[in-house]
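*Asks:* Could you work out the structure for the sequence below:
(one chain, ligands or ions: 1)
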Amino acid sequence: MWAIVVHGGAGQITSASREEHEALLEAVKSGAEVLASGGSSLDAVERAVIVMEDSGFFNAGSGSCLNIAGEVEMDAAIMSGGKAGAVACVKRIKNPIRAARKVMELTDHVILSGEFAEKFAVKLGLEISNFITEEKMEKYRKLMEVFRRKEWYYKVNKDLLDRYPDLLHGTVGAVAVDSRRDLAAATSTGGVWLKLPGRIGDTALIGAGTYADSRVALSATGIGEYIIKMGLGTRAGMMAEMGMRADEIARALISKMSSEFGRGIAGVIVLDRDYRMGIDYNTAGMRRGWMRSDMKRPVVIDI
Ligand SMILES: NC(=O)C[C@H](N)C(=O)O
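*Replies:* As a prediction, the model looks like this:
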């Protein structure tokens, strides 16, 4: 038996184009193919995330948003079998999740950030790309007009989130469990629009937005600062250790987020070693899809 769940970000999602739908479906299918052919959950989550990074429809890889300096700074992390790797604040790596996996497999560290992370990726032959487009620059200029009228960054960012709900969107993630019951999680993001340069979100932090152990795997999306403060991934691990199922864990985590910080904050996908899944969010929507070996076809929900 095997199972995979993916998300394409939590937020104020009101509609999805045919192409966006197809991209999410493609991500689930490509991860499921890896699992169906006997591949590992680690390969499956990496594959699914690469599809979404490459699609341009999500806030990850080629679709990444811009920070307050008009630059792309991406975070990504992957975890499985007691090993973990991540990159943070990388500007030009085409698939940050590939670089995260290289950190996991080839170094003694868990997170590499910034310039050296890029040099490391280049040295290993990973592709480099420029993700700053005229379309993104136009949105950036509009948002900066609003921003300049405000005084302090973080509050402003929350104001911006209220005024421009699509600022928080499109982080991508996947969790999978394979026929050996090995669990894996992977998450990749451009962060949030107009973040300060050097800001690292929950996605890159093992135990916050990305987590997998022998009982449970989690990938989160939402306002990273809250997810970090709550340590969602580590909490999921502790809940699984106490015997909770994936669906109970997802519900408990989001209910805790709502009671601590209010609504509109986060979403999670969770899988346990008994092939049960949990999905919950306190935002207006969360793009998601899943497939289990006993299902005829994948399910994808766009909003
Ligand atoms: N859209 C997102 O999920 C953003 C991501 N969690 C971050 O804060 O970097």
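*Asks:* residues contacting N59?
*Replies:* Neighbour list for N59: G9, C65, H169, G170, T171, V172, T189, G190, G191 [criterion: CB atoms under 8 Å, 6 or more residues apart in numbering]. Quick note: C-beta positions are derived from backbone N, CA and C, even for glycine.
*Asks:* Quick check: the first one vs F116, distance?
*Replies:* Distance, G9 to F116, using CB to CB, to the nearest Å: 28 Å.
*Asks:* Between these two, which is the more surrounded one?
*Replies:* G9 (26 against 11; other CB atoms under 10 Å).
*Asks:* The ligand contacts on the stretch 51-200 of the chain?
*Replies:* Residues of the stretch 51-200 of the chain that fall close to the ligand, judged by CB under 6 Å from any ligand atom: N59, L168, H169, G170, T171, T189, G191, V192.
*Asks:* go again using 8 Å as the cut-off
*Replies:* Within reach of the ligand by CB under 8 Å from any ligand atom, the stretch 51-200 of the chain has these residues: 59, 75, 168-171, 187, 189-192, 195, 199.
*Asks:* what number of residues lie near F131?
*Replies:* 21.
*Asks:* isn't Y211 right next to M239, touching?
*Replies:* No. Counting by CB atoms under 8 Å, Y211 stays clear of M239, with 11.2 Å between them.
*Asks:* For these two, indicate the residue with more neighbours.
*Replies:* Taking other CB under 10 Å, Y211 and M239 do not tie; Y211 has more neighbours (28 against 22).
*Asks:* what's across from that one in the sheet?
*Replies:* For Y211, the beta-bridge partners are L218 (DSSP bridges).
*Asks:* Distance check, it against A84.
*Replies:* Distance from Y211 to A84, by CB to CB: 8 Å.
*Asks:* show me where the protein has helices.
*Replies:* 18-36, 41-55, 96-106, 114-123, 134-148, 153-163, 224-230, 232-241, 246-261 (DSSP state H).
*Asks:* returning to what we had before: what's the lowest-pLDDT member of the contacts of N59?
*Replies:* Lowest-confidence member of the contacts of N59: H169, scoring 78 (pLDDT).
*Asks:* lowest-confidence helix or strand of this structure?
*Replies:* None of the helices or strands of the chain scores lower by mean pLDDT, DSSP states H and E than helix 153-163, at a mean of 68.
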